[in-house]
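[1] Kindly return the folded structure for what I paste below:
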Amino acid sequence: ASVAVVRNDACVDPGWRAPLVEVLAADATLAAANSMVLFAQTAVPTINNAGIEVLRDGYGRDRGFGSVDLEAYSAPADVFGWCGAAVLLRPAYLADVGLFDERFFLYYEDTDLSWRGRARGWRHRYVPEAVVWHVHAATTVEGSSSFAYFTERNRLLMLLKNAPTSMVRE
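    Below you'll find the model as predicted:
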């Protein structure tokens, strides 16, 4: 059994779920199987997310963001976190770590839950065969005051909840 999360601004390719199920079934230490998330609004297939990275300064980043080199992201890989646009989660992970923290509302809710899982020994795997098309920043427009407010507020909340003290001080 698994729990699929697909945002209302994302559309999965036919057969999307099968490679994710296979990856989770093969490794009981995996909490999540992350899709290759492509921008829905670009003419050329362009990566929106191939897993989440957290930088030294605590900023979360979509791995591969803006790349049109899909071949560079064609191999499965363990990643810091998974993208909530479309992901398959193991129920035991959610039972162990908990659900989304509703305080986040927009942005960083997936990074927070990923970080909490990592702290408890769970791993996350990027699965490039599972393709999803996502309308990036559909709820808020990137660069808008709402986008800026919620990304920064939630980044700080995520750091206070999860980061080592040395990262929070920076």
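
[2] Mind listing what's buried along the longest helix along the chain?
    Counting residues, the longest helix found in the chain (DSSP state H) is helix 145-162. Of the residues in helix 145-162, 147, 150, 151, 153, 154, 155, 157, 158, 159, 162 count as buried by neighbour count, 16 or more other C-beta atoms under 10 Å. Every residue, glycine included, has its C-beta placed from N, CA and C.

[3] any chance of those residues in TSV, with distance to residue 53 and pLDDT too?
    Formatted as TSV, the buried residues of helix 145-162 follow (distance: C-beta to C-beta, whole Å; pLDDT from 0 to 100):
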residue	distance to residue 53	pLDDT
147	19	88
150	19	89
151	15	87
153	20	90
154	16	90
155	13	89
157	18	91
158	13	90
159	15	90
162	14	91
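
[4] and of those residues, the nearest to residue 27?
    Checking the buried residues of helix 145-162 against residue 27 with C-beta to C-beta, the nearest one is residue 162 at 23.5 Å.

[5] what about the closest residue to that closest one other than its chain neighbours, which SS state?
    Leaving aside its chain neighbours, residue 162 sits nearest to residue 115 (4.2 Å; criterion: C-beta to C-beta, 6 or more residues apart in numbering). Classification of residue 115 using DSSP: H, G, I helix; E, B strand; the rest coil returns helix.

[6] Tell me the confidence at residue 115?
    Note for residue 115: predicted pLDDT of 96.

[7] Closest to the centroid, which residue in the chain?
    The residue lying closest to the centre of the chain (C-alpha atoms, centre = their mean) is residue 83, at 1.5 Å.

[8] next one: phi and psi at the residue lying closest to it once chain neighbours are set aside?
    Once flanking residues are discounted, residue 83 sits nearest to residue 49: 4.1 Å by C-beta to C-beta, 6+ apart. Torsion angles at residue 49 (phi, psi; degrees, to the nearest 10) stand at phi -160, psi 130.

[9] Surely residue 96 is within a helix?
    Yes - counting by three-state DSSP, residue 96 is part of a helix.

[10] how many other residues sit next to the residue lying closest to it once chain neighbours are set aside?
    Distances taken as C-beta to C-beta, 6+ apart place residue 120 nearest to residue 96, at 5.9 Å, with adjacent residues excluded. Burial of residue 120 is recorded as 10 neighbouring residues (other C-beta atoms under 10 Å).
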